[in-house]
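**Student:** I'd like to go over a predicted model; first the sequence, then the structure.
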Amino acid sequence: MATIEVEIEINSTIDKVWEVVSDIDNEPKFWRGTKEVKNISKEGNTVNREITIAFRDQKCLQQVKIYPKERIEARFTKGIIEGKKTMSVTAKGGKTMLSTYWDIKLTGVMGMFTSMIKNHIKSGTEQAMQSIKEEIER
């Protein structure tokens, strides 16, 4: 498994940051690696969805659990990626810390390339979080 952790400080309230990151349908706007999101079902704080990732337009199934103003856990349940991506928000004075933690691997024969894609995913995560920060601080 590859673990990746990226954190960024945003000059805004936790409410404003949460408003942007909890709009999970808007994920492709910030995350270049996510090309498309299609919701399949929603029950309470859990959304089952299909996402199309930029890597060879692969489709993955995710179960996303939303814990209001705390974290969003996206578990990959089927597809080329196995594992979880967790985004969390923490108030820090009048600012907010946004953290993203990945614990994933590629499935099947692609598993041998997991370490090679780690830097690519980290770079994409840094870019996405910077875009989120810029959107909020505008």
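**Tutor:** Yep, that arrived. Residues are numbered from 1 along each chain as shown.
**Student:** chain center to the helix or strand of the chain with the lowest mean pLDDT: distance?
**Tutor:** In the chain, the helix or strand scored least confidently by mean pLDDT, DSSP states H and E is helix 114-137, which has a mean of 93. Centre-to-centre, helix 114-137 and its host chain are 9 Å apart (Cα atoms, centre = their mean, to the nearest Å).
**Student:** may I see the buried residues of that helix?
**Tutor:** Using 16 or more other Cβ atoms under 10 Å as the test for burial, helix 114-137 gives 114, 117-118, 121-122, 124-125, 128-129, 132-133, 136. All C-beta spots, glycine's among them, are computed from the backbone N, C-alpha and C.
**Student:** so what's the residue count around A91?
**Tutor:** For A91, the count of nearby residues is 13 (other Cβ atoms under 10 Å).
**Student:** among the buried residues of helix 114-137, which two are most distant?
**Tutor:** T114 and I136 (31.7 Å; Cβ to Cβ).
**Student:** tell me which element the residue nearest the centre of the chain falls in.
**Tutor:** Computing the C-alpha centroid of the chain and ranking residues by Cα atoms, centre = their mean puts K85 first, at 5.5 Å. Counting by DSSP states H and E, the element that carries K85 is strand 81-92.
**Student:** roughly how far does I132 sit from V64?
**Tutor:** Separation of I132 from V64 (Cβ to Cβ, to the nearest Å): 17 Å.
**Student:** please consider this matter closed, and thank you.
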